[in-house]
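Trainee: Sequence and predicted structure, then a few things I'm wondering about:
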Amino acid sequence: MEPIGKIEGRAIPFGANNVDTDAIIPARWLKTITREGLGAGAFEMIRRNPNNIFDSEAYSGAPILIAGGNFGCGSSREHAAWALLGMGLKAVIAPSFSDIFSSNAFKNGLLTIVLPQNEVDRLLEVAGNGNIAIDLEKQTITTSCEEGFKFEIDPFRKHSLLEGLDETGLTMTHCKAITRYELRGASTHSFLYRPHVG
C-alpha cells in the first residue's frame with residue numbers, strides 16, 4: 001500500500017447522494033480474481049452517457065472525488081474501493097459514508113474524509129474551476145481560493161495511511177516480537193513444533 005501524505009489536484013464534483021457499491025462497480029465485474037482493470041468498470045452505468053463527468057477532459061487524472069451523503073452504501077464488495085483506486089482516485093470527500101465501504105477503503109489505501117454538508121457544497125463549487133489540496137498529517141483541505149477546512153480521522157487509520165501499512169504491513173512491524181514468541185514456544189512446547197513427517 002502506498003503511503004498517503006499530501007494529495008493535490010482536480011476534484012471530480014460528483015455530489016450524488018446514496019451512491020451504492022453496485023453503481024460504483026456493477027456485479028458483473030466481481031467475477032475477476034485480480035484488482036487489475038477494475039477502474040474501467042467504475043461508474044459504468046453513468047459513463048454510458050458520453051457527456052459524463054468521469055470521462056470529462058477537465059477532470060482527467062483527478063485524484064479526488066467529491067460525493068454526496070451515504071456514499072458506498074449497499075453490498076459490502078471490496079471491489080468498490082479497488083475500482084476507485086483503479087480510476088486513479090486517492091481520496092473521497094463526502095458528508096457520510098457507509099461503514100463497510102469506509103473500512104474497505106481504508107484497508108486498501110483510499111482516504112475517506114467526512115465534512116459537513118455546507119463544506120462539501122463549497123468544495124463542489126470550487127472543484128469546477130480550481131484545485132484542492134489535502135494534507136493528511138495536518139488534517140486540512142485547502143482550495144485554490146485559499147479557503148481551509150479541517151477534518152477528523154481516527155488516529156490509527158491516520159498512522160496506517162501515512163505509513164502505507166495495510167494489515168500485512170502492520171503485522172510485519174511486529175516481526176521481532178513474533179519471532180521471540182515462536183522461539184519461546186519452541187523451547188517450552190516443543191511437541192507443537194516437531195517437524196512434519198510424511
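Mentor: The structure has been received and is ready for your questions. Numbers count the residues shown, from 1 in each chain.

Trainee: how far out from the middle of the chain is whichever strand or helix holds A23?
Mentor: Taking DSSP states H and E as the criterion, A23 maps to helix 21-24. Distance of helix 21-24 from the chain centroid (CA atoms, centre = their mean, to the nearest Å) equals 15 Å.

Trainee: how far does stretch 45-61 stretch from start to finish?
Mentor: 20 Å (CA to CA, to the nearest Å).

Trainee: Stretch 165-180 too?
Mentor: 22 Å.

Trainee: now swap in stretch 9-24 and tell me
Mentor: End to end - CA to CA - stretch 9-24 spans 22 Å.

Trainee: can you pull the buried residues of it?
Mentor: 9-15, 19-24 (16 or more other CB atoms under 10 Å). (C-beta placed from N, C-alpha, C; glycine too.)

Trainee: Please apply the same query to stretch 34-51.
Mentor: Result for stretch 34-51 [16+ other CB under 10 Å]: buried residues 38-39, 41-44, 46.

Trainee: returning to that earlier point: which residues sit against the following helix or strand past the helix holding A23?
Mentor: Going down the chain from helix 21-24, the next helix or strand is helix 44-47, by DSSP H and E. Outside of helix 44-47, the residues within contact range by CB atoms under 8 Å, 6 or more residues apart in numbering are 23, 25-26, 29, 52-55.

Trainee: Likewise for stretch 136-151?
Mentor: 4-7, 93, 111, 113-115, 119, 122-123, 126, 129-135, 152-153, 158, 161-162.

Trainee: If burial is judged by neighbour count, which of the residues you listed pass?
Mentor: The neighbour-count criterion (16+ other CB under 10 Å) marks 4, 7, 93, 111, 113-115, 119, 122-123, 126, 131-134, 153, 158, 161 among the contacts of stretch 136-151 as buried.

Trainee: what about the spatially most central residue of the chain, distance to D166?
Mentor: Central residue check for the chain by CA atoms, centre = their mean: the C-alpha nearest the mean position is that of L110, 1.7 Å away. Taking CB to CB, to the nearest Å as the criterion, L110 is separated from D166 by 11 Å.

Trainee: what does stretch 164-173 contact?
Mentor: Taking CB under 8 Å, 6+ apart as the rule, stretch 164-173 contacts 1-4, 107-109, 159-160, 163, 178.

Trainee: which parts of that stretch are buried?
Mentor: Under 16+ other CB under 10 Å, the buried positions of stretch 164-173 are L165.

Trainee: likewise stretch 53-65?
Mentor: Residues of stretch 53-65 classed as buried by neighbour count (16+ other CB under 10 Å): 53-54, 59, 62-65.

Trainee: Looking at those, which one is closest to R184?
Mentor: R184 lies nearest to P63 out of the buried residues of stretch 53-65, by CB to CB, at 46.0 Å.

Trainee: any idea of the pLDDT on that closest one?
Mentor: On the pLDDT scale, P63 is placed at 98.

Trainee: Counting by contacts, list what the helix holding A23 packs against.
Mentor: helix 79-86 (3 or more CB pairs under 8 Å, 6 or more residues apart in numbering; DSSP states H and E).
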